[in-house]
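[1] Need coordinates for the below:
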Amino acid sequence: MTETNPFVLVCGVDGSGHAAAAVRVAAELARARGARLALVAVNPLSPGGGHPDIRGWTDAEQGALLQAAAHEARRLGAEVQCVATQGRDPADALIAAAGELGADHIVVGTGDRKGLGEWLMGSVAQAVAARAPVSVTIAR
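    Down below sits the predicted model:
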């Protein structure tokens, strides 16, 4: 009997409200599919990386936000793995982590910005959706 690899969902977390929405969506998808959910927190190597509003965390801060997200995902019935990583560009680092984890799908959150698409042109969510080699769900 051969064992099949489980479906793997990756969800980016950063402690924000839109990331919390992504965790809820990802946990529900994982539970429905019997998938493993990997929560990934990307700590920027340097300020900015094209995203001036992103700052780095201490290891303790990164661990705490992962644990809070994991608590919520487990409460919703998902099997959870926490991954702390770093990178200059959060989108590239999230995509790389998804590749290393063998992800089949990525879930990211996006803010509830009003206005035209230009507001989202530099967002992590759009960058992940544009460059990921797997399907991406953007949660609000």
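
[2] Span of stretch 30-44 from start to end?
    Stretch 30-44 has its terminal residues 27 Å apart, counting by Cα to Cα, to the nearest Å.

[3] Report the rounded mean pLDDT for it.
    The pLDDT scores in stretch 30-44 average 95.

[4] so how far is it off the chain centroid?
    In this view, stretch 30-44 has its centroid 7 Å away from the chain centroid, taken as Cα atoms, centre = their mean, to the nearest Å.

[5] How about stretch 130-140?
    Using Cα atoms, centre = their mean, the offset of stretch 130-140 from its chain centre is 10 Å.

[6] do the same with stretch 91-101
    That offset, for stretch 91-101, works out to 9 Å (Cα atoms, centre = their mean).

[7] same thing with stretch 26-35?
    Counting by Cα atoms, centre = their mean, stretch 26-35 comes out at 14 Å from the chain centroid.

[8] which of the residues in that stretch are buried?
    For stretch 26-35, the neighbour count (16 or more other Cβ atoms under 10 Å) marks 26-30, 33, 35 as buried. For glycine as for every other residue, the C-beta is placed from the backbone atoms N, C-alpha and C.

[9] Looking at these, which are in helices?
    26-30, 33 (DSSP state H).

[10] re earlier: list just the nearest of the buried residues of stretch 26-35 to residue 88.
    Lowest distance from residue 88 to the buried residues of stretch 26-35 (Cβ to Cβ) belongs to residue 26, with 24.4 Å.

[11] Relative to residue 58, how far out is the closest one?
    25 Å (Cβ to Cβ, to the nearest Å).

[12] cool, and residue 73?
    23 Å.

[13] Those two: who's more crowded?
    Using other Cβ atoms under 10 Å, the more surrounded residue of residue 73 and residue 58 is residue 73, with 26 against 9.

[14] So the more buried one, which state does it fall into?
    With DSSP: H, G, I helix; E, B strand; the rest coil as the basis, residue 73 sits in helix.

[15] And the pLDDT at it?
    Looking at residue 73 specifically, the model assigns a pLDDT of 98.
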